[in-house]
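1. need coordinates for the below:
(4 chains)
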Amino acid sequence: MAEFLSLHDAVARYVEDGATVAMEGFTHLIPFAAGHEVIRQRKRDLTLIRMTPDLVYDQLIGAGCAKKLIFSWGGNPGVGSLHRLRDAVEKGWPHKVEIFEHSHAAMACAFEAGAAGLPLAVLRGYVGSELPSVNDQIKFIECPFTGERLAAVPSVRPDVSLVHAQKADRKGNVLVEGIIGVQKEAILAAGKSIVTVEEIVDDLEAGPNACVIPGWAIDAIAVAEKGAYPSYAHGYYPRNNRFYKEWDTIARDRDTFQTWLDENVFNAGGQAQ
Amino acid sequence: MAEFLSLHDAVARYVEDGATVAMEGFTHLIPFAAGHEVIRQRKRDLTLIRMTPDLVYDQLIGAGCAKKLIFSWGGNPGVGSLHRLRDAVEKGWPHKVEIFEHSHAAMACAFEAGAAGLPLAVLRGYVGSELPSVNDQIKFIECPFTGERLAAVPSVRPDVSLVHAQKADRKGNVLVEGIIGVQKEAILAAGKSIVTVEEIVDDLEAGPNACVIPGWAIDAIAVAEKGAYPSYAHGYYPRNNRFYKEWDTIARDRDTFQTWLDENVFNAGGQAQ
Amino acid sequence: MEYTSAEMMTVTAAKALENGMTCFVGIGLPSEAANLARLTHAPDVVLIYESGTLQTKPDVLPLSIGDGELCESALTTVSVPEMFRYWLQGGKIDVGFLGTAQIDRYCNLNTTLIGDYQAPKVRLPGGGGAPEIATCAGEVFITLKHSKRTFVDQVDFITTLGFGRDGKARDGVPNIGRGPTRVITDLCVMKPDPETRELVVVSLHPGVTVEQVQDATGWEIRFAEQLDTTPMPSANELDVLRDLKARTERKHAGEA
Amino acid sequence: MEYTSAEMMTVTAAKALENGMTCFVGIGLPSEAANLARLTHAPDVVLIYESGTLQTKPDVLPLSIGDGELCESALTTVSVPEMFRYWLQGGKIDVGFLGTAQIDRYCNLNTTLIGDYQAPKVRLPGGGGAPEIATCAGEVFITLKHSKRTFVDQVDFITTLGFGRDGKARDGVPNIGRGPTRVITDLCVMKPDPETRELVVVSLHPGVTVEQVQDATGWEIRFAEQLDTTPMPSANELDVLRDLKARTERKHAGEA
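-> Numbering: from 1, shown residues only, chains lettered A, B, ... in the order given. Now for the predicted structure:
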């Protein structure tokens, strides 16, 4: 049953050093506030899972929280590289990060399979790609009906998932709307889940088939106004594309990054920058 | 690209004798009008697929349209047996119908896998059930990551699917709302699809994540007002539970059934009874 | 307050549900009991029907598993594949509440057919959601009327696993629920023996005798050493149940 | 009307799309070309982005694959698993439109890294949707700037299959798309040879020479015997493209 906690308390209770953590949001509703709280609490040795690690993962990696990264596209969308990720992978700063690399199709299916309680996802994938040669988590099975060779990947079952959503009602039921990505899957696949929301409302005012996640399937809800910023929340505020472009300069240099992190995360209370 | 056709023309064009046909609707939006048109056109040797064959399949089977039935629960919901189905299975009237029997979980996964273009569905299913001993379409595979034994069933890929929905816009985009069952999956898994709708509207007025199926993924749209009756259409008309109870008497006797069929289907134009 | 044995069964079945449980509800007797629980001692019990309706609060009992009432009063409604994949197989269900046509001493359920599969004497509706509800839910409650026709020594067909023909079919199976933990009839309450998994009568409904239960059971059924008497329905429980059934009757009769 | 080589590339890439096609759109150049097509000769082209936005009609170009604009102007938005399972793998996509960091003579694409996988010289973003777009879509169009850095003899890593290291990797594979059918750069248009699958220049953009193309290509590239000249952009195409880019610029600069 969802408990209403402060973001600080939710992260302190559920995100342990060494945990496997998914913070999802497919370019929309990216849980920046939650990610910053993880950085502030100096969590270490995390295995970070995310289809599209973008700025918040760049920040987590640069801040030294990550040991491993499981992902399918790691860039600053429309801008370029994630310099902190590259620095960790190419030069081992602040330390080496091990990467397990997939395609989007495989990761999406792996989240789906995780939510479905299965140990594996099966897809028609990776045909002719060299990714299976560098990721031993990609295997192939034979269809017992047709003999077709299909790809198999382990399902995603994080210890804890953190996602951001528009709103929760007073019973902790959550509405996610717009580009819903794999948020529902991330929550359902996880051992524990933390959802940050823009606001708590009396009535979700959701359509009959809206993406609503019941409170009893969530562990903690924390209000984090503008919790996805500089990403966006459909119906609340737009994406700050300018910041995404500026990040390229900030993240390119270790010192500039450190300064940014100090000013905007460590010395910035429980709020996203 | 969806073409607007009369129900007669849609069925005449796309439902061939011997075809594998799915008419879906999980107790809601059951395509009675479409099923009756199939009966009127005296289609034969159909392999009928449906999770919950109810009255409309009882009628199709009693009318001699079916050769095979793939299903997971064949009854009159809340009332009792499907007498025409039982007469066909137990006594071979009007002729023997071969049955392939699944659980709901397996059928639901098989529709999902069909929509996903896969040859098989994998689920944690059939543990300890004797269904695998009477249905050779149920096999087991081993997870290459955990060694767990999981069930596998062939995906559902009908030649043609017929479903009923609330409304279409003038470009043929369709909104399904309420209990959406496996309708989307039935359409996407099929070679050809016919959607009957209550009405054509200028604007679907759907929420951002509503179950909308684009016109280009549908072959034919036919207006069939009250096309799900005596089943129901959320937002349009309620289920006629009384008729469901009356059907028990009508279907129990071959002659009564024949009379009903003549009066309500063969001599009843292109409209559901 | 007087009551029928059917009411006794429903009230007892309802009491099995605890407040806050998530319950995957079968149509018919389980649905009646689960909604009675929600309207009495367990207002926050979460009812889930396989039609995709999550956390539904119907005002009248649904005739089918997918009546409009279920969707209109639900928190949200998901597709049927999602229901079985994410919610049932995904391990979100505390208890599956099932009825059945036949049950045997090891709680195996048959809703497929009477007689031989290839030449059935009576063809029943089939498995529906039950085979995976019984294995994926945390535990399973079963409710049905007690008779020699329903309580048989060996089910004609195991549609849905209790504990198998030998009581051991769940042993060592990974990711499987605890299986049936109680069976509630119009005569008594039974639980599987923790060792052998054979059904044992643990509680007789008021006025019911050991002989009555044995006469209505197709095998020599065991009785617990400490045999309880099931608590009687309270006046409030009976009132709520009768109101619910009357509302339901009026609603379904009124539809055209 | 004057135009840049970048505009020539976009307009030519746009023309590859036919009205009514369903197109799975990559971000960047493909997105620019696909939207130009929609705003000019192909108003009913169906644009699908991997973020789940089905049939979207953005007024400005998205910076990311999941800008709000894409969802707001879409027919509907589905989950990312559904997008990849039902729409891409389910065979509903006529053409995948991709960019890349490296491409080789057999149209294999590398967006993973430069150098060795374990010790990369440059780490690129990775595969994203491309590996399965390239195999599940009916066919694939590729657009990128022409240079020796991008057109290499052998890609450092096959992230996404063209026709394999030997041109034969699609042969005999069931349920696979036709693969790349054209590559559009700022210099020319190339198509794979129907037999060997090796890229062949079929059309030079106006004013571009065979030498220029060869100089910008990391292998000895073949030219078709009948070498066409790519049609020039029309004034309308250029107007629409420039308006689109100006609108986009204003929108993104104005955001705070």
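2. where does pLDDT dip in the chain?
-> Unless you meant another one, I'm taking chain A. Low-confidence regions of chain A, defined by pLDDT under 70, span residues A:270-273.
3. wait, chain C was what I had in mind.
-> Residue ranges of chain C with pLDDT under 70: C:254-256.
4. next, count neighbours for the residue nearest to residue C:38 when sequence neighbours are not counted.
-> Of all residues not flanking residue C:38 in the chain, residue C:45 sits nearest, at 5.1 Å (Cβ to Cβ, 6 or more residues apart in numbering or on different chains). Heads up, the C-betas are built off the backbone N, CA and C, glycines and all. A count of neighbours around residue C:45, defined by other Cβ atoms under 10 Å in any protein chain shown, yields 25.
5. what does the stretch 51-200 of chain A put close to chain B?
-> Within the stretch 51-200 of chain A, the positions lying close to chain B (Cβ under 8 Å from any Cβ of the partner chain) are A:117-120, A:122-124, A:137, A:139, A:141, A:143-146, A:148, A:150, A:152, A:154, A:177-178, A:180.
6. going along the chain, name the strands of chain A.
-> Counting by DSSP state E, the segments of chain A that form strands are A:3-4, A:20-23, A:46-50, A:66-71, A:98-101, A:120-123, A:139-142, A:149-154, A:160-169, A:174-176, A:192-201, A:211-213, A:220-223.
7. tabulate these (JSON lines), appending mean neighbour count and distance to chain D.
-> As requested, the strands of chain A are exported to JSON lines (neighbours: other Cβ atoms under 10 Å in any protein chain shown; distance: least, Cβ to the nearest Cβ, whole Å):
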{"stretch": "strand A:3-4", "mean neighbour count": "15", "distance to chain D": "26"}
{"stretch": "strand A:20-23", "mean neighbour count": "26", "distance to chain D": "13"}
{"stretch": "strand A:46-50", "mean neighbour count": "25", "distance to chain D": "12"}
{"stretch": "strand A:66-71", "mean neighbour count": "22", "distance to chain D": "7"}
{"stretch": "strand A:98-101", "mean neighbour count": "18", "distance to chain D": "6"}
{"stretch": "strand A:120-123", "mean neighbour count": "25", "distance to chain D": "7"}
{"stretch": "strand A:139-142", "mean neighbour count": "15", "distance to chain D": "12"}
{"stretch": "strand A:149-154", "mean neighbour count": "22", "distance to chain D": "9"}
{"stretch": "strand A:160-169", "mean neighbour count": "27", "distance to chain D": "13"}
{"stretch": "strand A:174-176", "mean neighbour count": "26", "distance to chain D": "10"}
{"stretch": "strand A:192-201", "mean neighbour count": "22", "distance to chain D": "14"}
{"stretch": "strand A:211-213", "mean neighbour count": "24", "distance to chain D": "8"}
{"stretch": "strand A:220-223", "mean neighbour count": "22", "distance to chain D": "21"}
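8. the ones you listed: which one's closest to residue B:251?
-> With Cβ to Cβ, the closest approach to residue B:251 among the strands of chain A belongs to strand A:211-213: 38.9 Å.
9. what about residue A:43, how many residues nearby?
-> Residue A:43: 22 neighbours (other Cβ under 10 Å).
10. buried ones in stretch C:160-167?
-> Taking 16 or more other Cβ atoms under 10 Å in any protein chain shown as the basis for neighbour counts, the residues of stretch C:160-167 that come out buried are C:160, C:161, C:162, C:163, C:164, C:165, C:167.
11. how close does the residue nearest to the fourth one when sequence neighbours are not counted get to chain A?
-> So the one you mean is residue C:163. Closest residue in space to residue C:163, ignoring its immediate chain neighbours: residue C:197 at 3.9 Å, by Cβ to Cβ, 6+ apart. From residue C:197 over to chain A the distance is 24 Å, taken as Cβ to the nearest Cβ, to the nearest Å.
12. report the contact partners of residue C:197.
-> With contact set as Cβ atoms under 8 Å, 6 or more residues apart in numbering or on different chains, residue C:197 has these partners: C:106, C:107, C:162, C:163, C:167, C:168, C:179.
13. if we can go back for a sec, do you know how far the residue nearest to residue C:38 is from chain A?
-> Taking Cβ to the nearest Cβ as the measure, residue C:45 and chain A are separated by 11 Å.
14. all helices for chain C, in order.
-> For chain C, applying DSSP state H gives helices covering C:5-16, C:29-39, C:68-72, C:80-82, C:130-136, C:210-215, C:235-254.
15. is chain B within reach of the fourth one?
-> Yes: looking at helix C:80-82 against chain B by Cβ under 8 Å from any Cβ, the contacts come from C:80, C:81.
16. can you get me a residue count around the residue lying closest to residue A:173 once chain neighbours are set aside?
-> Of all residues beyond its chain neighbours, the one nearest residue A:173 is residue A:215 (4.9 Å), with distances taken as Cβ to Cβ, 6+ apart. Residue A:215 has 23 neighbours, counted by other Cβ under 10 Å.
17. the strands in the stretch 151-256 of chain C, which residues?
-> Ranges of strands within the stretch 151-256 of chain C are C:180-184, C:188-192, C:199-204, C:222-229, based on DSSP state E, counting those that start in this stretch.
18. chain center to the first one: distance?
-> Read it as strand C:180-184. Centroid displacement of strand C:180-184 relative to its chain, using Cα atoms, centre = their mean, to the nearest Å, is 8 Å.
19. for that strand, packing partners?
-> Applying 3 or more Cβ pairs under 8 Å, 6 or more residues apart in numbering or on different chains; DSSP states H and E, one finds that strand C:180-184 contacts helix C:5-16, strand C:139-143, strand C:188-192.
20. between helix C:29-39 and that strand, find me the angle.
-> An angle of 90 degrees separates the directions of strand C:180-184 and helix C:29-39 when computed by axes from the mean of the first three to the mean of the last three Cα atoms, to 10 degrees.
21. okay, now the sheet partners of strand C:180-184, with direction.
-> According to DSSP bridges, strand C:180-184 forms sheet pairs with strand C:139-143 (parallel), strand C:188-192 (antiparallel).
22. redo the ones you listed as JSON lines? Include distance to residue D:193 and mean neighbour count.
-> Putting these into JSON lines (distance: least, Cβ to Cβ, whole Å; neighbours: other Cβ atoms under 10 Å in any protein chain shown) gives the following:
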{"stretch": "strand C:139-143", "distance to residue D:193": "63", "mean neighbour count": "25"}
{"stretch": "strand C:188-192", "distance to residue D:193": "70", "mean neighbour count": "24"}
